[in-house]
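S.K.: build me a model:
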Amino acid sequence: MSSREEKKKKDYFSPSRFYCVETICAPCGVVLAWAKFDKSESVDQIFEFLEKVFPTEDVRPSYVCIDKACVLLKSAATNGKWMEVTDYICHKWCNPAPLNGSAPNLVVVEHDVNGVPHYKCAFNTQACEQLNAWIGGFQTMLNRMTLSNFNWTMHTLLFLHTQRVIKKQQMREQVVEEDDNEEIGIDIERDD
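M.R.: Model (predicted):
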């Protein structure tokens with residue numbers, strides 16, 4: 001390979017240069033942060049990313065859902081990162097949906113149309129995976145971009161995704177509000 005071809009290849013985003021794009025999403029799907037990981041998705045890189053986004057305990061989320069949870073949990077317990085050693089449930093089970101009432105923010109009781117109660121996850125733990133599936137549709141184009149174009153395009157895609165998620169939330173809230181108003185007999189005029 002000539003030096004010109006080598007230089008040209010080094011200017012492009014490629015799987016050999018970056019392993020993946022890691023995202024942090026709120027349970028509703030809003031993108032909070034993203035980063036490129038070079039070479040691998042290692043435990044240390046994941047913790048560094050989490051610590052950049054959530055630098056102090058008071059801003060850290062109570063729960064983190066991640067596909068490498070068991071490996072991260074083992075490292076966190078060993079190195080004292082991100083959690084207290086006394087967190088028995090997390091240490092023992094790493095369970096995203098305990099049914100013993102120990103994590104009421106993760107599991108709620110919902111009733112079906114017949115009034116029969118059942119357990120349900122309180123929020124979407126797959127928000128980032130759903131985002132990854134959507135971004136995957138752009139992968140061929142993204143892989144051929146220069147690094148600066150890749151960064152701009154990825155940031156724009158994530159911004160558009162977040163705007164779409166927020167719009168869907170607003171529409172849901174509006175429907176719920178309309179349903180509530182109908183139940184109590186309030187008529188609201190709109191300029192639609």
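S.K.: show me what the lengthiest helix in the chain is packed against.
M.R.: Longest helix of the chain, by residue count under DSSP state H: helix 147-184. If contacts are counted by 3 or more C-beta pairs under 8 Å, 6 or more residues apart in numbering; DSSP states H and E, helix 147-184 sits against strand 31-37, helix 127-136, helix 139-143. Any C-beta I mention is one placed from the backbone N, CA and C, and that applies to glycine too.
S.K.: and the last one, what's buried?
M.R.: Taking 16 or more other C-beta atoms under 10 Å as the neighbour-count basis, helix 139-143 is seen to contain the buried residues residue 142.
S.K.: pLDDT of it, averaged?
M.R.: Computed over helix 139-143, the mean pLDDT rounds to 87.
S.K.: packing partners for it?
M.R.: Using 3+ C-beta pairs under 8 Å, 6+ apart: helix 139-143 touches helix 147-184.
S.K.: so what pLDDT did the closest residue to residue 141 other than its chain neighbours get?
M.R.: Leaving aside its chain neighbours, residue 141 sits nearest to residue 153 (7.8 Å; criterion: C-beta to C-beta, 6 or more residues apart in numbering). If you check residue 153, the pLDDT there is 93.
S.K.: residue 153: neighbour count?
M.R.: 15 (other C-beta atoms under 10 Å).
S.K.: again, but for the one 3 residues further on
M.R.: Neighbour count of residue 156, defined by other C-beta under 10 Å: 10.
S.K.: how much space separates it from residue 162?
M.R.: 11 Å (C-beta to C-beta, to the nearest Å).
S.K.: what of residue 172?
M.R.: For residue 172 relative to residue 162 (C-beta to C-beta), the value is 16 Å.
S.K.: which of the two has more neighbours?
M.R.: Taking other C-beta under 10 Å, residue 172 and residue 162 do not tie; residue 162 has more neighbours (18 against 10).
S.K.: torsion angles phi and psi at the residue lying closest to residue 54 once chain neighbours are set aside?
M.R.: Excluding the flanking residues, the one nearest residue 54 by C-beta to C-beta, 6+ apart is residue 60, at 4.3 Å. The phi and psi torsions at residue 60 (degrees, to the nearest 10) take the values phi -70, psi 140.
S.K.: and residue 60, what's its pLDDT?
M.R.: In this model, residue 60 carries a pLDDT of 85.
S.K.: again with residue 85
M.R.: 47.
S.K.: try the one 10 residues further on
M.R.: Here the pLDDT value assigned to residue 95 is 57.
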